[in-house]
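Undergrad: what's the 3D shape of this:
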Amino acid sequence: MTVTQRRGRRAMMTRAELDAFLAGRRTCRVATAGRDGRPHVGPLWFVWDGRALWLYSLVRSRRWADLRHDPRVAVVVDDGEEYEELRGVELSGTVTVVGETPRRGAACPELATPERLFAAKHFGLSVMPHDGRHAWLRLAPDAVVSWDFRKLRER
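TA: Model prediction:
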């Protein structure tokens, strides 16, 4: 993971802050580009394993169709209501499909950690339920930009 941030370093999250923030949030917004070049942004649940953002997406969705054509994405996870409370992370790069499509639960060692994390975070379960409609996308980001405007008022 490369931090590409030059401006706003005072508001930038440390690695530990970024990991804690992503572990604590449930929903991200995923931006894709369609075959015609039109952008599409939609919310999606995710988990962060410390190296990659794991997205569990419907395979019959505009997002999935867009990503099969062009796997580049930008993902934003943010929080805060008032300006001085805003904090977030933007991750960008290329997604990779991992495991079967759609996911029905076949053995896939690479999915053991994200499925354990996702099941606990989003369903309160120890085992991931599979519905045969979703599949996994892994984003090992090429670029990461973060901000925590709460830091600016601390100085």
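
Undergrad: which parts of the protein are helices?
TA: Under the criterion DSSP state H, the chain contains helices at 15-24, 62-69, 112-118, 150-154.

Undergrad: any chance of those helices in JSON lines, plus mean pLDDT?
TA: Listed next are the helices of the chain as JSON lines, based on pLDDT from 0 to 100:
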{"stretch": "helix 15-24", "mean pLDDT": "96"}
{"stretch": "helix 62-69", "mean pLDDT": "94"}
{"stretch": "helix 112-118", "mean pLDDT": "97"}
{"stretch": "helix 150-154", "mean pLDDT": "81"}
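
Undergrad: compare those and give me the one nearest Gly88.
TA: Among the helices of the chain, the nearest to Gly88 by CB to CB is helix 15-24 (7.9 Å). For glycine as for every other residue, the C-beta is placed from the backbone atoms N, C-alpha and C.

Undergrad: buried set for stretch 21-34?
TA: 21-22, 25, 28, 30-33 (16 or more other CB atoms under 10 Å).

Undergrad: and the residues you listed, which is closest to Arg10?
TA: Of all these, Phe21 has the smallest distance to Arg10: 16.8 Å, by CB to CB.

Undergrad: quick one: the closest one from Trp147, how far?
TA: For Phe21, the distance to Trp147 equals 10 Å [CB to CB, to the nearest Å].

Undergrad: thanks again, I'm all set now.
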